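Peer 1: fold the following and give me the result.
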Amino acid sequence: MFIKKTIDKGYVIVCLYMNDMLISVSNGFMIKYTKKILTSKYDMKVSGVANVILGIKFCRTSNGFVLSQSHYGEKHS
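Peer 2: From the prediction side, this is the model:
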């Protein structure tokens, strides 16, 4: 996990495990800036909004996020 916080531009949190990456940011500027830097240095595919990472499904609701692994159990049974 890498965390960068600036006083004037916000924060970015990059979670990296093997070939999975999750980027969490405080605003639109930080996501564009982070993607630009990472894609200029590394061969990577930007997938958009995360829905599954490390076998955990993310579902956005009006109250926040719901995390689930039910699809993982169904897939491997």
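Peer 1: show me where the chain has helices.
Peer 2: Taking DSSP state H, the helices of the chain run over residues 28-41, 70-75.
Peer 1: ok, what's across the strand from the residue most central in space within the chain?
Peer 2: By C-alpha atoms, centre = their mean, the mean C-alpha position of the chain lies nearest to residue 22, the distance being 2.3 Å. Counting by DSSP bridges, residue 22 is bridged to residue 15.
Peer 1: quick one: pLDDT of it?
Peer 2: Predicted confidence (pLDDT) for residue 22: 85.
Peer 1: same check on residue 38?
Peer 2: pLDDT at residue 38 comes out at 89.
Peer 1: burial measure for it, as a count.
Peer 2: Other residues lying near residue 38 total 14 when counted by other C-beta atoms under 10 Å. Using the backbone N, CA and C atoms, a C-beta is placed for each residue, glycine as well.
Peer 1: ok, the closest residue to it other than its chain neighbours to residue 20 distance?
Peer 2: Excluding the flanking residues, the one nearest residue 38 by C-beta to C-beta, 6 or more residues apart in numbering is residue 44, at 6.3 Å. When distance is defined by C-beta to C-beta, to the nearest Å, residue 44 is 11 Å away from residue 20.
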